[in-house]
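**Student:** Sequence and predicted model, in that order:
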Amino acid sequence: MWILLLLILLLPDAFAGDDYVYSTSELTLRTDVSAAFQFIAESPRASVTSATINLSYLPIKSDHQSLISLHSLIPSTRYADFLLFEFDDPAISSYTVGYDATIQTTNAFVPIKTKVPFPVQSIASDIQQFTLAAENIDSDDPGIIKQAHEIVKGEDDLFIAVYKLADWVQEHVDYSLNSYTVKASKSASWVLENRYGVCDELTSLFVALCRSVGIPARYVSGLAYTNYNGINDWGPHAWAEVYFPGYGWIPYDVTYGEFAFVDASHIALKVSHDSAEAVIEYEWKGKDVSLDNRPMESKTVVVSQGAPLAALVSMELEPFHESVGISSYNGLKLSIKNNNPYYIITTLQHSLLKEFELDGNISQFILLGPSEQQNIYFVGQVDKYLDKNYRYTMPIIFQTTRNTTVESRFSVDRYAEIYSRAEIESLIPKNIQDTTSEHQSLQIACEPDSPSFYLDQTPTTSCSLTNNGNTYLDRLSVCMQSCQSIDLGIGKSQTLQFILNISEAGKTDVVLKATRFGKEIGSDIVTVSILDRPQIFISEKDYPKKVGFNDEFSLKIKLVKKTRAIPLEVHVFFRTEERDLSELQATQLKEDTTFQLNMKGRDFLRENNEVEILVTYEDDEGNSYKVSDKVDISLKDLTFIQKTVLFMNRIENRIHNFLNNF
């Protein structure tokens with residue numbers, strides 16, 4: 001007679017007994033934060049005149065966290081993001097600064113309902129800083145750049161790109177309380193190389209990976225509940241926030257595996273550009289005295305909790321075969337549907353069943369688009385050492401982040417058919433395709449470094465190149481008369497300057513081409529204006545050589561522009577040795593122009609007169625130039641009285657000049 005044996009189901013600890021703080025919609029928490037320090041006398045004459053302590057570890061107001069109350073332990077001045085404690089003539093003793101606060105936190109996905117393009121473009125200036133490298137978050141490290149680009153290449157959806165980076169850190173970096181990293185936070189590049197660290201280092205690496213592909217990300221430090229190694233209490237913790245254009249800052253905790261959300265136990269106390277930033281700073285003035293500070297302490301208790309979280313997904317599970325033989329392979333089809341009109345990421349864990357061992361990890365992350373349904377397939381093998389005298393029922397359970405559970409089962413006995421791995425895998429649909437597609441998109445904008453250049457100057461132009469594609473552009477050859485080779489990461493920009501060789505005046509179109517492995521991927525044309533220095537000639541002088549004392553006549557000259565450059569601030573002076581006759585002017589000389597001076601014979605002071613024609617002008621840089629010429633004009637048939645008038649005019653002119661110079 002056959003005996004029906006129901007196998008005992010074994011669940012991983014984190015799967016079966018998560019604390020309620022992880023699955024509640026909101027928490028009201030009371031948190032006490034304190035920092036103790038003492039002054040230490042180093043001689044009998046030791047004294048302290050003043051001390052200030054800047055505590056920037058304060059509850060942050062955000063969409064997921066609100067501050068109900070905050071009370072300082074001792075008198076302090078409260079600013080937007082720090083408390084300032086000031087001491088005047090303090091005794092050489094021990095002190096404690098800090099606060100108690102009541103905070104309300106929530107657990108919720110930011111509802112991203114539409115695709116946000118990747119790479120990120122048009123980043124606001126106040127967000128731009130969170131794309132830059134820092135001391136610990138060294139996103140400019142070549143290894144980090146290479147790894148990040150390998151992870152996200154071909155992706156054009158920002159949510160998916162960030163998920164891939166977070167998932168990679170979760171899968172490839174071990175959480176380790178190694179004393180080497182606990183005592184001093186290591187850089188992201190160190191974590192990438194050594195593949196272990198604590199929460200601040202895992203977060204630093206994740207933020208660095210994001211920034212290296214142009215995704216704004218920042219470091220958040222605070223407190224969170226943990227059941228790691230039976231701690232079951234709140235303690236210091238670090239996670240990240242990633243900026244999504246149109247949606248704002250979205251939390252990612254790669255240590256806890258919470259992507260695009262954090263549970264309500266997270267208390268954000270400081271947002272930083274780098275993990276190396278201090279949360280408390282001490283400054284003091286005194287004589288023969290030092291300061292010893294102890295690690296900050298905190299205590300958090302739950303005041304109240306909200307309702308349990310609603311399920312994110314619905315699931316169905318069915319085996320490929322209802323009954324299989326001992327040592328047979330079998331498959332499972334899991335249908336999982338996102339019940340929300342926005343993106344979600346959920347963990348998916350399955351039961352530990354040594355009698356039917358599934359391929360792969362016991363836990364994985366599932367990303368689902370708005371209202372998306374996915375079919376996920378699993379393959380496993382029945383234990384070949386099962387006792388053939390029994391018939392077995394194999395219960396299989398899958399569970400997600402918010403405790404959505406689905407169960408199915410199949411039977412095993414020695415008379416059922418045995419399926420090979422190949423037979424089971426042949427039942428898995430083959431039309432599952434990789435939706436990523438690499439594309440190269442290079443934005444180029446070139447501008448001359450000056451509106452125009454003169455022939456005796458060296459013309460230069462600057463070109464800004466931005467990688468708007470989703471693949472790393474290494475060994476990019478950028479040529480404009482000469483060539484430069486650069487590497488340009490996703491979402492990154494670089495400006496190159498080129499020295500040009502142009503020998504003729506006029507407007508010249510210069511082409512920039514960017515190629516990669518011999519294939520052109522971008523180009524731009526820039527028009528460079530080359531000027532010769534402005535030059536004027538005095539031509540076609542038209543005047544009478546002899547005039548009567550009372551005659552009216554004109555002196556005409558033609559100014560010829562001999563260059564492309566336009567002379568500016570043109571002044572034409574007519575004068576004799578003894579007096580200025582007239583001044584004519586023009587703002588600019590775009591073309592050949594005739595200037596005419598109308599005179600009378602009596603305007604001269606002598607019978608024979610040498611008239612100087614002086615032309616001054618400038619270029620657009622304010623440099624001055626001049627050209628001059630002379631003509632001779634005589635007075636004819638002068639009477640005695642006219643000669644006397646000329647003489648008197650000379651005397652008057654000399655007296656006038658003398659008085660003006662006195």
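**Tutor:** Noted; the coordinates are in hand. Note that the structure is a prediction, hence the values are computed from the model and not measured.

**Student:** drop to CA atoms for contacts and neighbour counts, all remaining ones
**Tutor:** Noted.

**Student:** Determine the number of other residues adjacent to residue 537.
**Tutor:** Residues near residue 537, counting by other C-alpha atoms under 10 Å, number 16.

**Student:** any idea which helix or strand carries the nearest residue to residue 234 once chain neighbours are set aside?
**Tutor:** The spatially closest residue to residue 234, leaving aside those adjacent along the chain, is residue 225, at 4.1 Å (C-alpha to C-alpha, 6 or more residues apart in numbering). Taking DSSP states H and E as the criterion, residue 225 maps to strand 217-226.

**Student:** I'd like the distance from that strand to the chain centre, please.
**Tutor:** Here strand 217-226 is found 21 Å from its chain centre; the criterion is C-alpha atoms, centre = their mean, to the nearest Å.

**Student:** what's near enough to touch residue 515?
**Tutor:** 476-478, 521-522 (C-alpha atoms under 8 Å, 6 or more residues apart in numbering).

**Student:** change it to 10 Å
**Tutor:** Residue 515 sits next to 473, 475-479, 485, 521-523 when contact means C-alpha atoms under 10 Å, 6 or more residues apart in numbering.

**Student:** and if you look at residue 407?
**Tutor:** Contact partners of residue 407, counting by C-alpha under 10 Å, 6+ apart, are 315-318, 350-351, 395-399.

**Student:** could you give the angle of the top strand by length along the chain to strand 217-226?
**Tutor:** In the chain, with assignment by DSSP state E, the single longest strand is strand 26-41. Relative orientation of strand 26-41 and strand 217-226, computed by axes from the mean of the first three to the mean of the last three C-alpha atoms, to 10 degrees: 100 degrees.

**Student:** Which strands border strand 26-41, and is each parallel or antiparallel?
**Tutor:** Sheet pairing of strand 26-41 (DSSP bridges) gives strand 94-106 (antiparallel), strand 289-293 (antiparallel), strand 297-305 (antiparallel).

**Student:** And the helices in this structure, which stretches?
**Tutor:** Taking DSSP state H as the test, the helices found in the chain are 13-16, 125-128, 142-152, 158-172, 179-182, 188-194, 199-212, 421-425, 640-661.

**Student:** quick check: mean pLDDT across the last one?
**Tutor:** Right, the one you point to is helix 640-661. Taken as a whole, helix 640-661 has a mean pLDDT of 86.

**Student:** swap in the second one?
**Tutor:** Per-residue pLDDT values over helix 125-128 give a mean of 92.

**Student:** What are the contacting residues of that helix?
**Tutor:** Helix 125-128 is contacted from outside by 122, 214-218, 243, using C-alpha under 10 Å, 6+ apart.

**Student:** Flag every buried residue along stretch 85-100.
**Tutor:** Buried residues in stretch 85-100, counted by 16 or more other C-alpha atoms under 10 Å: 85-86, 90, 92, 97-100.

**Student:** in terms of contact, does the residue nearest to residue 234 touch residue 238 like I think?
**Tutor:** No: the pair residue 225 / residue 238 is not scored as a contact, 11.6 Å apart, by C-alpha atoms under 10 Å.

**Student:** shared neighbours of those two, which are they?
**Tutor:** Common neighbours of residue 225 and residue 238 (C-alpha under 10 Å, 6+ apart) are 266-267.
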